[in-house]
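Visitor: Next one to model:
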Amino acid sequence: MNILDQEHIRLTNRLKAELSVPRRIVVTTHQGPDGDGMGSSLAIYHFLKKQGHDVSVITPNDYPEFLHWMPSNAEVVNFMRQKPLAEALIEKAEYIFHMDYNHLRRSADMSHTLYQCKAIRILIDHHLVPELPSKYVFSKTDVSSTCELLFGIIKQWNAKLIDRVIATCLYTGIMTDTGSFCYRSVSPQTFSVAAELLKYGIDRSEIYDQVYDNYSENRMRLMGYCLNEKMEVFPQYAAALISLNLEEQKRYGFIVGDSEGFVNLPLSIKGIRFSALFLEKEDKVKMSFRSKGDFSVNDFAKKHYGGGGHLNAAGGDEKKPMNELIQQFRELLPLYEKELKAPPPAPPQREGETSALQMTKLAASWGQRVGKQAKMK
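Guide: Below is the predicted model:
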């Protein structure tokens with residue numbers, strides 16, 4: 001199983017040599033970090049700590065409570081809440097790891113401090129079009145997650161240092177960024193990596209429970225409200241949207257992470273291929289987009305909402321009023337009717353597989369041969 005290409009192997013060996021003596025290192029991730037952002041950050045944190053480095057993990061802001069169980073979560077510095085400490089750590093850093101994001105703007109208010117920092121940068125990410133200048137760039141868009149890519153880097157660097165803690169962090173990132181191994185980004189390699197991580201004694205059932213069965217009653221009631229009152233379905237465009245304003249969030253005691261996964265809910269409706277979530281914040285509106293098949297929400301988000309991401313998962317932020325953004329979304333749907341209503345492409349046929357049409361032809365041919373043989377007898 002080769003996760004890394006030759007260039008990434010070369011970069012890993014160079015970085016390993018450069019970090020052969022203890023350094024001051026800061027590990028960062030994107031705003032509102034998810035399981036992959038925190039999983040990759042804490043995995044590299046533990047890996048570097050085991051080599052004697054002085055390491056700190058800094059997040060731009062809060063992240064969901066269902067990730068607070070992760071190993072060394074208590075050591076994570078929150079830039080929004082601990083700004084003086086975070087700025088001091090970044091200023092003193094000799095190396096900065098940028099985990100699971102490809103542009104400084106994705107680090108929100110921390111971006112200015114990171115921009116001014118003179119530390120050597122290492123980018124490890126799986127999103128499209130990396131735009132964060134770094135000395136070491138590990139960018140691979142055909143992997144399921146940053147954690148999958150990081151596993152290949154760590155294994156090449158020093159596989160003997162991988163332990164149960166590191167494996168737990170990596171598995172969490174892979175599991176969450178693949179929708180529990182359901183998304184199109186999952187490949188045979190993804191399952192192979194997960195299988196290897198299981199060998200380190202991780203408790204995959206406990207990880208799943210901590211992430212997905214650890215929500216509050218308020219969150220469950222909010223989800224019911226969204227489905228019953230706030231979901232708009234546009235069957236003529238195979239699309240749907242959910243929106244939540246600040247008053248509605250307050251009504252249900254909303255905390256960071258409560259809307260996690262809501263954007264995927266309409267995709268469970270038969271025939272729906274495109275879903276959007278509009279979430280009002282104090283100073284902006286956060287948008288999330290998901291799709292099935294080959295409809296690119298990355299292109300949609302980039303073109304209309306200044307965002308981006310992956311083919312089937314993307315997002316964006318806007319400072320316009322939410323009702324304007326939602327109306328814009330409704331008016332855009334007719335422009336994409338042909339793409340959204342087109343039948344999903346047939347899955348690529350792999351070597352050794354036989355299509356239904358070929359099977360029909362083979363069966364007919366076989367029947368003809370049998371008939372001829374019967375007549376000859």
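Visitor: can we go C-alpha only for contacts and neighbour counts from here?
Guide: Fine.
Visitor: State the number of residues packed around residue 77.
Guide: Neighbourhood size, residue 77 [other Cα atoms under 10 Å]: 21.
Visitor: With residue 250 instead?
Guide: When counting by other Cα under 10 Å, one arrives at 10 neighbours for residue 250.
Visitor: next one: residue 288
Guide: Applying other Cα under 10 Å, we find 25 residues neighbouring residue 288.
Visitor: Leaving out sequence neighbours, find the closest residue to it.
Guide: residue 315 (4.3 Å; Cα to Cα, 6 or more residues apart in numbering).
Visitor: need the contact list for the one you found.
Guide: 286-289, 298, 301, 307-309 (Cα atoms under 8 Å, 6 or more residues apart in numbering).
Visitor: Cross those against helices and list the overlap.
Guide: Using DSSP state H, the members of these that fall within helices are 298, 301.
Visitor: Using a markdown table, lay out the contacts of residue 315 together with pLDDT and distance to residue 58.
Guide: Shown next, in a markdown table, are those (pLDDT from 0 to 100; distance: Cα to Cα, whole Å):
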| residue | pLDDT | distance to residue 58 |
| --- | --- | --- |
| 286 | 95 | 22 |
| 287 | 96 | 24 |
| 288 | 97 | 24 |
| 289 | 98 | 27 |
| 298 | 94 | 27 |
| 301 | 95 | 27 |
| 307 | 88 | 23 |
| 308 | 88 | 23 |
| 309 | 88 | 22 |
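Visitor: Nearest to residue 143 among the contacts of residue 315?
Guide: residue 309 (13.5 Å; Cα to Cα).
Visitor: measure the closest one to residue 290 for me?
Guide: Separation of residue 309 from residue 290 (Cα to Cα, to the nearest Å) stands at 10 Å.
Visitor: okay, and the common contacts of these two?
Guide: residue 297.
Visitor: Taking the contacts of residue 315, tell me the two that lie furthest apart.
Guide: The widest separation within the contacts of residue 315 (Cα to Cα) is 14.9 Å, between 286 and 298.
Visitor: Have a look at those two and say which one is more surrounded.
Guide: Shown here are residue 286 and residue 298; by other Cα under 10 Å, residue 298 has more neighbours (22 against 17).
Visitor: Leaving out sequence neighbours, find the closest residue to the more buried one.
Guide: residue 308 (4.7 Å).
Visitor: could the contacts of residue 315 go into CSV alongside distance to residue 168?
Guide: As requested, the contacts of residue 315 are exported to CSV (distance: Cα to Cα, whole Å):
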residue, distance to residue 168
286, 30
287, 30
288, 27
289, 28
298, 29
301, 32
307, 31
308, 28
309, 25
